[in-house]
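> Show me how the following folds:
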Amino acid sequence: TQDGQTHYVISGTGQQASDIQNVFKNIEITPPKDMNTGGDIHGKMTISGTISSTNGAASHQGATVPQDLTILPVTDAMTIAVEVANTAEDVATNLKITLSNPNDGSKTELLDNSITIKITETWNDDAQDTGTGKGTLTDTSGKYNVTYNSGTDTYTITPKNAADNFKVGTAITGLQYTPASNRDGDVKFEVSVKNKETGSILELDSTGKAEIKVTPVIDAVLNATTVIATGTEDQIIAGVDLANPVKLVITADAFPDKSEKIGNIILDEVPNGFTVWYNDGTNLVMATNIGQTSGTVLNYGAFDLTPNIAGDDTVTRNKWLVPTTDGVMPEIYINAPENWAGDFNFKAQISIKEENLSTAQKFVVPVTGTITPVADGVTIDPTKTFGDAFSWIDLKLNANMKDVDGSEVMNLELGGLGKNAQFRLEGNLIDVDATYNTTTSKWELKGITYDQINNVQFTNDKSGTVTVTATTSEVDKDGNVIKVNEVDLTSAATVQTTFELKLADTIGDFKLDAGVSLDFDNLGAITTLKGINTIDLSAAGANNLLNLTLEDVLAMSDNLGEITIKGKAEDTVTLKVGNGWEVGAKSGGFTEYTNTDNSNVIVKIEDLIQPTII
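Sure thing, here's the model as predicted:
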């Protein structure tokens, strides 16, 4: 090397015509790696040669002869780095692609300014997706067009704008791969580009590869909205010989992945008195009761089967095992006691197995079983009834209710009774919820419990034909009628019938039964009180005579006009205004009330009573 120039000296002996020329022909000059004329490693190769020759003592120094050589470019393959992370089933993963070519440098040209990606998926699960079974490649950056080529099963990626053209050495980001729905296995990515070096006629296909694993996951989502137990009181399900069943259903959208299967099912904290059944493919079979739930696992506590009945014991809770065959959930039914309706809480423990996962996932789902109540109705067979006017009489309905767990009450509609009629329950003397409907002129009795339906008593002022319509209603523990979709759960009329009421007249001394009151405004014509000279209100409890008029006294006393009223401090007497009542003399513990419209009328009221003129 001299003055920055490299000199090679080739020496030897021989004849010009043969030896020396042969040496020249065999000289090879190799330029520096990847250098070409005008290339990234710029070089213009100039070769200069000086020939010196000697012959004995004589020598000759030739002139320096330069020669310019052109080095043509040759295309080198691209280096393509593909970065993509392992992912889980149904979870997208991002691709990062970096193109480089250290040999050709900036003279590297991407033909068509596009890249091609081939995705090869090898799924491990046997279950076949309902779709194509292929994942998808998308662009999340908005910079690229992504075109799927069905014929070659590849994607072509091209920039939408020149500013986003692919550049050597600049990472391509924004591409995202999403595995086929619910599939797991191995996925290979092969990224290829067609490139050449500027000035070269050689075009190359360059590739880069990467491989990831898509791991399986359990997709099933079981919660209180996907595990449902519903039914209707005493409604028979076709093919299921159970009196009051609830079907346990896991909604279809809970199992989007066909490679997942159900293991054994345990229903825990099912109230005692309820039984669990399943269809084994041929028959309805009772599940295995594996014992009473107890200890710290008992979340819901003891259960009240008959919340409308006071004083009965609560029941314990049980655990039931339901087997599965081939991972398929059988039809499962929870059979409640006959005529029972309402809500009951329990837990469904369900294990889910994934084909390529060694460990099953266990779901413990709180479930509220619901049986919609239905009013079952009542049968009645009333008989002819006898009694005294204005006295308590048994309402002889001979009634029978189907549902006697306290969840239903009887309602009656009675026609043909006077507006002054009264109602109570025999024995405990409790008034019945009774309302007189002035539009229909009928009495409406509501809320008579199953154990009191034949204990109703009534009073009336005269004989006649009584019409009866009987229904039942489902009620909550507070006695309120249950509504479904804003409609009362009341049975259609199970019977509409009549009975004859025969009442004897009351003559002379008239002693009101306990709890009986007379409102003369509601009596109309008085026909069954005849020759009355004494009205006794002294029976236990408050008895009332209300709105007594001059005409009422004359009618009851057969126009004799004198009546004595006995009673206690809690009793009430009101004399109706407009009839000229005046306070008269006191004698023997009684006060006389006279009437200016008829001097023959005298009403003597015991002083313990505090009458009122209204």
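> What is the neighbour count of residue 569?
By the criterion of other Cβ atoms under 10 Å, residue 569 has 11 neighbours. (C-beta placed from N, C-alpha, C; glycine too.)
> so what's it up against?
Applying Cβ atoms under 8 Å, 6 or more residues apart in numbering to residue 569 gives the contacts 608-610.
> What of residue 320?
Taking Cβ under 8 Å, 6+ apart, one finds 266-268, 270, 276, 287-290 in contact with residue 320.
> what does residue 412 give?
Contacts of residue 412 (Cβ under 8 Å, 6+ apart): 397, 443-445, 448, 456, 468-470.
> Residue 12 looks like it's in a strand, true?
No. With DSSP: H, G, I helix; E, B strand; the rest coil as the criterion, residue 12 is located in coil rather than a strand.
> For it, give me its contacts.
So residue 12 contacts 19-20, 23 (Cβ under 8 Å, 6+ apart).
> same deal with residue 415?
So residue 415 contacts 440-443, 466-467 (Cβ under 8 Å, 6+ apart).
> the helices in the chain, which residues?
For the chain, the helices defined by DSSP state H cover 21-25, 550-556.
> Now list the buried members of the contacts of residue 569.
Buried members of the contacts of residue 569, scored by 16 or more other Cβ atoms under 10 Å, are residue 609.
> Save the contacts of residue 569 as CSV, and put in distance to residue 351 too.
Below are those laid out as CSV (distance: Cβ to Cβ, whole Å):
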residue, distance to residue 351
608, 79
609, 79
610, 78
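> quick check, nearest of the contacts of residue 569 to residue 117?
When those are ranked by distance to residue 117 (Cβ to Cβ), residue 610 comes first, at 104.0 Å.
> And the residue nearest to that closest one when sequence neighbours are not counted, how far from residue 64?
In this structure, residue 610 finds its nearest non-sequential neighbour in residue 569, 7.4 Å apart by Cβ to Cβ, 6 or more residues apart in numbering. As defined by Cβ to Cβ, to the nearest Å, residue 569 lies at a distance of 154 Å from residue 64.
> for residue 547, same thing?
For residue 547, the distance to residue 64 - Cβ to Cβ - is 151 Å.
> Just want to know which of the two has more residues nearby.
Neighbour count, other Cβ under 10 Å: between residue 547 and residue 64, residue 547 has more, with 17 against 9.
> Might one say that that one is in contact with residue 517?
No. In this structure residue 547 lies outside contact range of residue 517 using Cβ atoms under 8 Å: 11.0 Å.
> ok, back up a step: least confident of the helices of the chain, on average?
Lowest mean pLDDT of these: helix 21-25, a mean of 80.
> ok, and what's touching that one?
10, 12, 14.
> Which residues are in contact with the last one?
It refers to residue 14. 20, 23.
> Swap in 7 Å and give it another go.
With contact set as Cβ atoms under 7 Å, 6 or more residues apart in numbering, residue 14 has these partners: residue 20.
> what are the phi and psi values for it?
Backbone torsions of residue 14, given as degrees, to the nearest 10, read phi 160, psi -170.
> gap between it and residue 433?
If you go by Cβ to Cβ, the gap between residue 14 and residue 433 works out to 140 Å.
> Over to the first one?
In this structure, residue 10 lies at 131 Å from residue 433, with Cβ to Cβ as the measure.
> So these two - more neighbours on which side?
residue 433 (14 against 10).
> and the more buried one, what does it touch?
Contacts of residue 433 by Cβ under 7 Å, 6+ apart are 445-447.
> could the residues you listed be laid out in TSV, adding pLDDT and distance to residue 237?
Shown next, in TSV, are those (pLDDT from 0 to 100; distance: Cβ to Cβ, whole Å):
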residue	pLDDT	distance to residue 237
445	97	36
446	96	33
447	94	32
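> Please, a ChimeraX command that selects the buried ones among the residues you listed?
Here is the ChimeraX command that selects the buried residues among the contacts of residue 433 (16+ other Cβ under 10 Å):
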select :445,446
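> and the contacts of residue 433, which of them are in strands?
445-447 (DSSP state E).
> OK, contacts around residue 66?
The contact partners of residue 66, taken as Cβ under 7 Å, 6+ apart, are 46, 48.
> if we go to 8 Å?
Here residue 66 is in contact with 46-48 (criterion: Cβ under 8 Å, 6+ apart).
> Neighbour-wise, which one of those leads?
So for these (other Cβ under 10 Å), the most neighbours sit at residue 47, 12 neighbours.
> Spatially nearest residue to that one, not counting backbone neighbours?
Residue 47's closest residue in space is residue 67 (Cβ to Cβ, 6+ apart), at 4.8 Å.
> That neighbour against residue 46, yeah?
Yes. In this structure, residue 67 is within contact of residue 46 by Cβ under 8 Å, at 7.1 Å.
> follow-up on the earlier one: from the contacts of residue 12, keep the buried residues only.
Buried among the contacts of residue 12 (16+ other Cβ under 10 Å): none of them.
> Using TSV, lay out those residues together with distance to residue 510.
Shown next, in TSV, are the contacts of residue 12 (distance: Cβ to Cβ, whole Å):
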residue	distance to residue 510
19	167
20	166
23	161
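> And those residues, which is closest to residue 361?
Nearest to residue 361 among these, counting by Cβ to Cβ, is residue 23 at 82.5 Å.
> where's that closest one relative to residue 15, distance?
11 Å.
> now do residue 202
43 Å.
> same question, residue 335
Distance of residue 335 to residue 15, given as Cβ to Cβ: 120 Å.
> what sits opposite the spatially closest residue to residue 516 that is not a sequence neighbour in the beta ladder?
Nearest residue to residue 516, sequence neighbours excluded (Cβ to Cβ, 6+ apart): residue 459, at 5.7 Å. Residues in a beta bridge with residue 459, per DSSP bridges, are residue 422.
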